[in-house]
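Chemist: need coordinates for the below:
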Amino acid sequence: MKKHKFLIFNILKKKKICRFSSMMFILMMIIFFSVLGIKNGMLQKYERVKLESIDHNYVLLKSSNKSYYQMIEEIKDIKFVQKYYPVMYAKVDNTYFVYDDCENLSILEGNCISNKNEALVNFYQENGSDKISITLDGKKIDLNVVGKYRSKSFSFSDDITSPVIISKELLESLDVQYTNEIVVKINDYENREKFLNLLVKMEGYNTGVQGSNDGVLDRYRSYCNIMNCFSNILVFFCFAIIFLVNIIIIHDNKQDIAIMRSVGYSNLKISFLMSIYVFIILLLSLIPGIVISIFFSAIFKNLIILQFSMVLNFLVVCLIALLVADFLLSFFIRKINIIKLLYED
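Modeler: Sure, this is the predicted structure:
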């Protein structure tokens with residue numbers, strides 16, 4: 001090896017080929033980091049929009065032929081279901097009385113219900129009294145108003161406006177017919193459609209969802225999917241650039257390779273040495289590539305978000321590409337023959 005060390009470092013002395021290879025690798029890095037940075041930026045924005053639109057993760061279920069317990073039994077083991085809450089309501093003297101879980105309500109004043117004869121009223125309802133009365137079959141029930149709420153968009157049916165929130169125990173004890181619904185929290189907005197499709201197959205369900213911001217969520221999800229496709233294409237792009245640089249270096253150093261073959265180097269070993277040359281040039285190009293990418297990230301800070309893991313991902317992709325190129329290029333090196341080169345000269 002010592003005898004032929006001039007062959008190993010000969011490529012690094014060729015400024016033209018080194019400069020070309022470095023420029024190709026710097027360009028490849030900038031594209032790689034920019035695409036992954038845009039992907040990160042889009043993903044973070046999408047997650048933020050999903051958090052701001054958390055109401056879209058909720059589905060309101062009702063059924064005309066299934067009891068509350070039947071509905072629970074059917075949905076409780078579905079993997080997309082994170083939580084579910086019962087919603088029960090009845091109409092008494094033109095007023096809706098609803099039992100709803102406090103997690104589905106925004107308590108703006110006071111406290112949530114803790115006792116059977118307590119109630120919550122709508123925050124915007126003009127009712128300054130701290131008492132509410134229900135009269136059924138001549139029997140009067142007094143309720144203490146313990147707080148004011150603002151309902152969320154998924155809490156109960158749209159035709160129920162400003163209901164009085166009461167306890168489950170009280171509603172079940174009233175001699176009235178009440179309706180059961182279920183508020184289901186899906187673990188992710190992206191799984192909401194899958195959950196709704198499962199309900200269609202089960203049959204017998206009516207559903208309600210928040211749809212006012214669906215367009216924005218779907219648009220960002222589409223952007224993220226597009227960037228995922230681009231990031232997958234990046235792998236093939238890096239493979240192509242590394243393979244191309246290897247081919248050019250091999251073609252430019254045919255005579256050195258022919259000498260190495262003549263002194264007993266195998267095709268695979270020569271190919272491996274070429275890959276080492278390429279990797280050295282790649283490492284020399286890494287710092288300027290990272291610096292330029294950070295500069296772009298600083299300019300487009302809301303669009304391109306860089307992470308240290310990208311450098312590791314880049315190096316892993318390049319190493320795999322070099323190994324693949326090492327194997328494939330050994331067949332190309334096999335055709336290089338010192339006698340043929342002498343005839344060509």
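Chemist: remind me which residues of the stretch 1-150 of the chain are low pLDDT?
Modeler: Scanning the stretch 1-150 of the chain for pLDDT under 70 picks out 1-14, 125-129, 137-138.
Chemist: strands of that one, start to end?
Modeler: 58-62, 81-92, 95-100, 105-110, 118-122, 131-136, 139-151 (DSSP state E, counting those that start in this stretch).
Chemist: quick one, which of these is nearest to Leu328?
Modeler: Taking CB to CB as the criterion, Leu328 comes closest to strand 81-92 out of those, the separation being 48.1 Å. For the C-beta atoms, the positions are set from N, CA and C on the backbone; glycine is no exception.
Chemist: that closest one pairs with which strands, parallel or anti?
Modeler: Strand 81-92 has its sheet partners listed here by DSSP bridges as strand 95-100 (antiparallel), strand 179-186 (antiparallel).
Chemist: which of those sits closest to Leu170?
Modeler: Closest approach to Leu170 among the strands paired with strand 81-92 (CB to CB): strand 95-100, 8.0 Å.
Chemist: picking that back up, tell me which of the strands paired with strand 81-92 lies nearest to Met29.
Modeler: strand 179-186 (39.4 Å).
Chemist: just the C-alphas of the closest one, formatted as PDB.
Modeler: This file holds the C-alpha atoms of strand 179-186, laid out as PDB (Å, rounded to 0.1, in the frame of the first residue of the first chain):
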ATOM      1  CA  THR A 179     -81.700  11.400  24.400                       C
ATOM      2  CA  ASN A 180     -78.200   9.800  24.600                       C
ATOM      3  CA  GLU A 181     -75.300  11.000  22.500                       C
ATOM      4  CA  ILE A 182     -71.600  10.400  22.800                       C
ATOM      5  CA  VAL A 183     -68.700  12.900  22.200                       C
ATOM      6  CA  VAL A 184     -65.700  10.900  20.900                       C
ATOM      7  CA  LYS A 185     -62.200  12.300  20.900                       C
ATOM      8  CA  ILE A 186     -60.100  10.900  18.000                       C
END
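Chemist: that strand to strand 58-62, inter-axis angle?
Modeler: 150 degrees (axes from the mean of the first three to the mean of the last three CA atoms, to 10 degrees).
Chemist: and the next helix or strand past strand 179-186?
Modeler: helix 192-202 (DSSP states H and E).
Chemist: contacts for that next one next, please.
Modeler: By CB atoms under 8 Å, 6 or more residues apart in numbering, the residues outside helix 192-202 that reach it are 56-57, 59, 61, 74, 78, 80-81, 184, 186, 205, 207, 209.
Chemist: give me the buried subset of these.
Modeler: For the contacts of helix 192-202, a burial check counting by 16 or more other CB atoms under 10 Å picks out 56-57, 59, 61, 74, 78, 80-81, 184, 186, 205, 209.
Chemist: biggest separation within the residues you listed, which pair?
Modeler: His56 and Glu74 (22.3 Å).
Chemist: quick check: buried residues in stretch 87-97?
Modeler: 87-90, 96-97.
Chemist: show the end-to-end separation of it, please.
Modeler: Its first and final residues considered, stretch 87-97 spans 11 Å by CA to CA, to the nearest Å.
Chemist: do you know which of the strands of the stretch 1-150 of the chain lies nearest Leu315?
Modeler: Among the strands of the stretch 1-150 of the chain, strand 81-92 comes nearest to Leu315, with 37.8 Å by CB to CB.
Chemist: next, the angle from the closest one to helix 192-202.
Modeler: Between the axis of strand 81-92 and that of helix 192-202 there is an angle of 60 degrees, by the same axes, to 10 degrees.
Chemist: distance check, Lys83 against Asp100.
Modeler: Using CB to CB, to the nearest Å, one gets 14 Å for the distance from Lys83 to Asp100.
Chemist: how about Met88?
Modeler: Distance of Met88 to Asp100, computed by CB to CB: 8 Å.
Chemist: just to be sure, Asp218 is in a helix?
Modeler: Yes - using DSSP: H, G, I helix; E, B strand; the rest coil, the secondary structure at Asp218 is a helix.
Chemist: next, count neighbours for it.
Modeler: For Asp218, the neighbour count with other CB atoms under 10 Å is 13.
Chemist: same question, Asn122
Modeler: 18.
Chemist: my read: it touches Val145, true?
Modeler: No - using CB atoms under 8 Å, Asn122 makes no contact with Val145, being 10.9 Å away.
Chemist: picking that back up, with distance to Lys194 added, can I get the strands of the stretch 1-150 of the chain in TSV?
Modeler: Output for the strands of the stretch 1-150 of the chain, formatted as TSV (distance: least, CB to CB, whole Å):
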stretch	distance to Lys194
strand 58-62	11
strand 81-92	11
strand 95-100	26
strand 105-110	28
strand 118-122	34
strand 131-136	42
strand 139-151	27
